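1. Only the shape, not the letters, is given here:
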């Protein structure tokens with residue numbers, strides 16, 4: 001996430017257009033969306049730890065490649081490689097935690113790794129800004145390499161086991177290609193869904209997903225065993241996760257706009273306020289994961305979404321007279337709610353399938369999260385394009401900015417409410433493993 005601070009400087013360095021600047025950021029998430037599901041199967045076939053090593057090595061190469069890039073095209077290629085490596089690491093890390101811990105400790109493990117991820121996000125915001133301002137944007141990517149090498153060494157000496165879950169399965173190359181095309185069109189289409197081209201891409205992506213599903217049902221070793229969707233816990237919890245990502249991803253953009261434009265808060269102070277979200281997430285998800293081992297995780301996850309819903313309702317009411325304290329309260333509530341939701345929900349998803357499918361469950365978690373974030377960004381883009389068009393954000397047009405933010409917040413709140421419903425389906429049937 002330190003790319004958020006470095007991106008404007010990178011764009012200036014390469015003299016790229018706004019479109020190219022967006023691609024530098026978007027290609028990273030696109031790669032995660034494309035490769036998460038295929039590497040769910042690959043990691044199960046060749047070994048979770050081995051795949052984890054590959055992800056770390058590719059991330060080292062990608063980070064070094066970005067740091068020495070001399071053109072925007074090369075930079076985008078290495079950003080895509082970074083996205084691929086993160087997809088591999090997301091899938092293998094969660095699958096290793098799932099396989100290495102007993103069922104009654106998985107929530108605790110998921111809570112710990114998720115909390116660590118948000119602590120890393122906090123550090124990235126602070127360190128990334130410092131490095132960019134003092135040593136240039138290339139130093140941001142060089143800085144992480146020693147830590148990646150250290151992670152390889154720690155894994156080698158401290159994690160002796162290997163987990164091979166589907167050794168004899170063949171890899172579905174055709175399915176991977178169809179899925180990659182479908183998810184690419186969906187991801188890009190939603191960012192321009194206010195145009196005719198965007199609508200066409202979305203329709204084509206839906207057709208490709210239908211073809212993908214049909215193909216998966218007709219082959220012996222599917223990339224994604226579609227029949228697992230009959231598992232209501234897995235399916236409904238995955239939908240709830242997608243809707244949670246949809247409802248929360250652009251909240252930081254809305255609050256950022258409100259702080260800097262409406263409240264006239266300087267960028268540095270705005271950054272400090274926005275950091276309250278990952279801080280809240282890191283704390284709440286740590287404890288929520290532990291509680292999900294002892295109490296019904298559906299209740300806990302749904303409670304977290306309820307807090308997010310309250311934060312979104314407050315966002316719908318923000319205007320030029322809203323006190324700064326209310327804005328700060330909103331970002332804290334959103335962070336707490338998301339943190340309470342994510343660990344128990346992930347625990348449900350990975351624990352609802354047999355251990356053999358741990359990597360598939362992990363890939364589903366990663367994929368649904370990215371799809372939800374894409375939909376969220378798409379909604380923000382469409383609403384702002386329709387209401388504000390190409391208008392510059394100046395005091396004269398602040399009422400339009402507030403109106404746009406309020407409409408987006410209403411849609412996010414509606415998505416969150418549906419997510420709560422999906423999260424609660426079958427809650428009375430859930431059995432908690434006694435410790």
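-> Ah, there it is. What you see is a predicted model; the values in this text were computed from it and never measured.

2. what residues does the one helix or strand residue 215 maps to touch?
-> Assigned by DSSP states H and E, residue 215 belongs to helix 196-217. Identification of contacts with helix 196-217 by CB atoms under 8 Å, 6 or more residues apart in numbering yields 172, 174-175, 178-179, 181-183, 185-186, 188-193, 222-227. Every C-beta, even on glycine, is put in place using the N, C-alpha and C of the backbone.

3. which ones among those residues are found in helices?
-> 174-175, 178-179, 181-183, 185-186, 188-191 (DSSP state H).

4. Tabulate the residues you listed (JSON lines), appending distance to residue 238, pLDDT and neighbour count.
-> Formatted as JSON lines, the ones in helices among the contacts of helix 196-217 follow (distance: CB to CB, whole Å; pLDDT from 0 to 100; neighbours: other CB atoms under 10 Å):
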{"residue": "174", "distance to residue 238": "24", "pLDDT": "93", "neighbour count": "12"}
{"residue": "175", "distance to residue 238": "19", "pLDDT": "91", "neighbour count": "22"}
{"residue": "178", "distance to residue 238": "20", "pLDDT": "95", "neighbour count": "20"}
{"residue": "179", "distance to residue 238": "16", "pLDDT": "92", "neighbour count": "27"}
{"residue": "181", "distance to residue 238": "21", "pLDDT": "94", "neighbour count": "17"}
{"residue": "182", "distance to residue 238": "17", "pLDDT": "93", "neighbour count": "22"}
{"residue": "183", "distance to residue 238": "15", "pLDDT": "89", "neighbour count": "25"}
{"residue": "185", "distance to residue 238": "21", "pLDDT": "91", "neighbour count": "21"}
{"residue": "186", "distance to residue 238": "16", "pLDDT": "87", "neighbour count": "21"}
{"residue": "188", "distance to residue 238": "22", "pLDDT": "81", "neighbour count": "20"}
{"residue": "189", "distance to residue 238": "21", "pLDDT": "85", "neighbour count": "22"}
{"residue": "190", "distance to residue 238": "18", "pLDDT": "78", "neighbour count": "22"}
{"residue": "191", "distance to residue 238": "23", "pLDDT": "72", "neighbour count": "20"}
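
5. Got phi/psi on the nearest residue to residue 231 once chain neighbours are set aside?
-> Distances taken as CB to CB, 6 or more residues apart in numbering put residue 352 closest to residue 231, at 5.7 Å, once the chain neighbours are dropped. Backbone torsions for residue 352, taken as degrees, to the nearest 10, come to phi -80, psi -10.

6. before we move on, back to that, please work out the average pLDDT along the helix holding residue 215.
-> For helix 196-217, the mean per-residue pLDDT is 93.

7. Report the angle between it and helix 173-191.
-> Put simply, helix 196-217 runs at 150 degrees to helix 173-191, going by axes from the mean of the first three to the mean of the last three CA atoms, to 10 degrees.

8. and residue 85, how many neighbours does it have?
-> Neighbourhood size, residue 85 [other CB atoms under 10 Å]: 24.

9. contact partners of stretch 246-257?
-> By CB under 8 Å, 6+ apart, stretch 246-257 touches 270, 273-274, 277, 305, 308, 311-312, 315, 327, 330-331, 334, 338, 372-373, 375-377, 379-380, 393, 401, 405, 408-409, 412-413, 415-416, 419.

10. Could you pull up the contacting residues of residue 386?
-> By CB under 8 Å, 6+ apart, the contact list for residue 386 reads residue 194.

11. what's the closest non-adjacent residue to residue 262?
-> residue 320 (5.6 Å).

12. do residue 167 as well
-> Residue 167 sits nearest to residue 45 (CB to CB, 6+ apart), 6.3 Å away.

13. how about the helix or strand containing the one you found: buried residues?
-> Assigned by DSSP H and E, residue 45 falls within helix 18-46. Neighbour counts using 16 or more other CB atoms under 10 Å place 21, 23-24, 26-46 of helix 18-46 among the buried residues.

14. returning to that earlier point: what about the residue nearest to residue 262, how many neighbours?
-> Residues near residue 320, counting by other CB under 10 Å, number 12.

15. cool, and the one 4 residues further on?
-> The number of residues packed near residue 324 is 15, by other CB under 10 Å.

16. what's near enough to touch it?
-> 259, 263, 265.

17. for these, which one is nearest residue 384?
-> residue 259 (16.8 Å; CB to CB).

18. That closest one: neighbour count?
-> When neighbours are counted by other CB under 10 Å, residue 259 comes out with 22.

19. what's the answer for residue 70, then?
-> Close neighbours of residue 70, defined as other CB under 10 Å, add up to 9.
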